[in-house]
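K.L.:
this is a predicted model, with the sequence first.
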Amino acid sequence: MTAITRVAGIGPAMAMELAKAGITTAEQLAAAAPGALTAIHGIGTLSAPRLIAAASLLAEPMPVDTPETAKTAKPKKAKTAKKTKDKKPAKPKAQKAKAEKAKSDKKKADKKKDDKKKADKKKDAKKKTGKAKPAAKKPGKKKSGKKKK
């Protein structure tokens, strides 16, 4: 039998509460129903399954290799990590959103540049096909509207 205090998340105070409910070993805790545990002071609906799982890890007997099982058991191959050159590490959501925003900002900037180039081309075309510029005035004396006496 495994002591209840060896279960992760069970301290002396929780062990006393469990003992009041009749649970004194890790094996008894592993066999308990989550609903029954939530009735105990200090155990909620989220912690009950976690405590049962932690107790189950301690309560499970470790497999023992006997000569019979050693012969029949096949050795397991170690898993090797696959190397991939093409895959990039996954980005967190915040980084993905930031990258998408940067792409859309770049597209907007590129569109503005293209629009400006188009507008400049239209201006150039108007200049070429537009009216001739008036001739430049010849430098000389300026005449005033007043007559000399």
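P.N.:
All right, it came through fine. Numbering: from 1, shown residues only.
K.L.:
longest single helix anywhere in this structure?
P.N.:
Scanning the chain for the helix with the most residues, using DSSP state H, yields helix 93-129.
K.L.:
for the chain, what spans make up the helices?
P.N.:
12-20, 26-31, 34-38, 47-59, 67-72, 93-129.
K.L.:
return the helix or strand in this protein with minimum mean pLDDT.
P.N.:
Least confident helix or strand, the chain: helix 67-72 with a mean of 55, by mean pLDDT, DSSP states H and E.
K.L.:
which non-adjacent residue is nearest Pro49?
P.N.:
Nearest residue to Pro49, sequence neighbours excluded (C-beta to C-beta, 6 or more residues apart in numbering): Pro34, at 5.4 Å. C-beta coordinates here come from the backbone N, C-alpha and C atoms, glycine included.
K.L.:
mind showing which ranges of this structure have poor pLDDT?
P.N.:
Within the chain, the ranges that satisfy pLDDT under 70 run 60-94, 126-149.
K.L.:
let me see the domain layout of it.
P.N.:
Per automatic domain parsing, the structural domains of the chain span 4-61, 92-126.
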